[in-house]
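Peer 1: With the input below, show me the fold.
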Amino acid sequence: MSQTSFTTEWLTRFQDPYAVMGLSVTADDRRVLKRYRDLAKLLHPDRYVSADADVRALATQLFSKMVGPAYQKLKQDKGRAENLAMLRFRVRRLTREQTFDPRSDIARELMGKTPAHIDVFYEQAIARLGDDQYQPLDQFAWVTSQLDELNLVYLRLKMGEPIIREKRTGIVSAKPPIVTQTVPVGTAQTDAKQTVDYAQRHYERAQSYASNSKWAEVVRELKDALKLNASRSNYHALLAVAYLKQDLPTMGRVHCRQSLKLNPDDKLALRYAPKFGIDPETVTKSSTTGKGKSAVKVTRSESDKGDKGLFSIFSRRR
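Peer 2: Residues are numbered from 1 along each chain as shown. This next block holds a predicted model:
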């Protein structure tokens with residue numbers, strides 16, 4: 001792709017601002033801003049001082065003619081809503097005309113996923129392609145086309161479900177949490193359960209990233225999870241491991257100790273405690289009131305169930 005490729009006809013090929021920025025259609029304003037800043041650094045002229053004139057010009061034009069306008073469309077709620085509406089219209093039109101036929105392997109693979117695996121696969125695919133989208137610069141057109149198809153396929157698979165809601169906590173399932181459907185509780189209790197559910201979604205995505213050794217993504221997801229619920233020992237334990245894998249043992253030690261304070265029997269924390277120089281027997285739980293003790297009991301029971309799979313991930317790597 002050369003400088004002369006930036007014709008009006010070429011620019012109209014990339015109408016999806018989410019694809020141009022390497023973002024999923026669930027991105028909120030915080031994720032949009034972070035990606036914009038990352039791309040601004042990546043395409044900054046200072047990075048291409050030693051490159052030839054064509055490469056410098058390409059970086060400048062990609063930022064000014066593609067990234068900049070895309071960011072303007074997505075930086076506010078109204079703009080994101082309008083662009084999602086246009087993408088859904090494209091999906092409906094292609095479906096109605098029976099021309100909805102993705103060409104990329106990654107989009108076809110997404111189409112074959114079961115409902116339970118759609119969200120995680122989609123987010124991971126977007127993240128992987130986003131890493132390569134502007135490195136090298138001449139990959140932009142090829143990668144962005146795949147991102148565009150992924151977004152269309154994802155929206156097609158979500159047809160018939162409520163409109164995707166944007167939350168700072170990440171993807172929000174269109175299906176209400178089972179707890180709030182089956183347990184008739186007060187409003188305050190319902191809100192608390194929903195918060196736990198949203199935190200759990202971050203944790204589940206972190207588990208998936210961990211299985212692929214994407215430790216930076218694990219840290220990001222778990223930080224969001226802990227903002228919503230800091231009383232889960234398994235959140236702290238996995239975050240400790242993620243820090244250790246990135247050669248940040250001091251930060252990991254804090255979370256390993258916190259995990260053991262919340263649940264002295266947390267398997268993952270117990271396994272990695274020696275690597276942080278922690279003696280589990282010397283870690284004492286903070287003094288709590290009767291209410292606090294009740295919360296700790298819930299933490300133990302909830303963190304124990306469903307974590308065997310995560311523990312086996314690390315066991316296989318030994």
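Peer 1: quick one: pLDDT of Ser312?
Peer 2: pLDDT, Ser312: 53.
Peer 1: Then Thr284?
Peer 2: 56.
Peer 1: Lys73 - how many residues pack around it?
Peer 2: Look at Lys73: counted by other Cβ atoms under 10 Å, it has 19 neighbours. C-beta coordinates here come from the backbone N, C-alpha and C atoms, glycine included.
Peer 1: what's the distance between Glu109 and Leu150?
Peer 2: From Glu109 across to Leu150, the span is 10 Å (Cβ to Cβ, to the nearest Å).
Peer 1: Same question for Asp28.
Peer 2: Separation of Asp28 from Leu150 (Cβ to Cβ) stands at 18 Å.
Peer 1: Between the two, which is the more surrounded one?
Peer 2: Legend: neighbour count by other Cβ under 10 Å for Asp28 and Leu150, higher for Leu150 (26 against 17).
Peer 1: for that one, what are its contacts?
Peer 2: Contacts for Leu150 (Cβ atoms under 8 Å, 6 or more residues apart in numbering) come out as Ala19, Ser104, Ile106, Ala107, Leu110, Tyr122, Ala125, Ile126, Leu129.
Peer 1: in a strand, that's where it is, yeah?
Peer 2: No: counting by DSSP: H, G, I helix; E, B strand; the rest coil, Leu150 falls outside a strand, being helix.
Peer 1: hey, what's in contact with both of Glu109 and Leu150?
Peer 2: Counting by Cβ under 8 Å, 6+ apart, the residues touching both Glu109 and Leu150 are Ala125.
Peer 1: about what we covered before: any chance of the contacts of Leu150 in TSV, with neighbour count and pLDDT too?
Peer 2: What follows is the contacts of Leu150, written out as TSV (neighbours: other Cβ atoms under 10 Å; pLDDT from 0 to 100):
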residue	neighbour count	pLDDT
Ala19	27	97
Ser104	19	89
Ile106	18	92
Ala107	22	93
Leu110	21	94
Tyr122	23	94
Ala125	21	93
Ile126	25	94
Leu129	20	93
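Peer 1: Quick check: helices, which of those residues are part of them?
Peer 2: Of those, the ones assigned to helices by DSSP state H are Ala19, Ile106, Ala107, Leu110, Tyr122, Ala125, Ile126, Leu129.
Peer 1: For Lys245, see how far away the first one is.
Peer 2: Here the criterion is Cβ to Cβ. By it, Ala19 lies 31 Å from Lys245.
Peer 1: hmm, back to that, dump the ones in helices among the contacts of Leu150 to TSV, plus distance to Tyr203.
Peer 2: Listed next are these as TSV, based on distance: Cβ to Cβ, whole Å:
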residue	distance to Tyr203
Ala19	28
Ile106	25
Ala107	28
Leu110	23
Tyr122	18
Ala125	20
Ile126	20
Leu129	24
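Peer 1: I'd like to know which of the contacts of Leu150 is nearest to Leu42.
Peer 2: Leu129 (14.7 Å; Cβ to Cβ).
Peer 1: which residues does the closest one contact?
Peer 2: Leu129 touches Gly22, Ile106, Val143, Gln146, Leu147, Leu150, counting by Cβ under 8 Å, 6+ apart.
Peer 1: Which one of those is nearest to Lys227?
Peer 2: Out of those, the member with the shortest distance to Lys227 (by Cβ to Cβ) is Gly22, at 24.3 Å.
Peer 1: what does the model give the closest one for pLDDT?
Peer 2: So, for Gly22, pLDDT stands at 96.
Peer 1: what's stretch 239-254 in contact with?
Peer 2: 206, 210, 213, 215-216, 218-219, 222-223, 226, 255-256, 259, 268-269, 272, 275-278, 314.
Peer 1: Buried among these? Make that a ChimeraX selection.
Peer 2: Burial among these is assessed by 16 or more other Cβ atoms under 10 Å; the matching ChimeraX selection reads:
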select :206,210,215,218,219,222,226,255,256,259,268,269,272,276,278,314
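Peer 1: Just the ones of the contacts of stretch 239-254 in strands?
Peer 2: Using DSSP state E, no member of these falls in strands.
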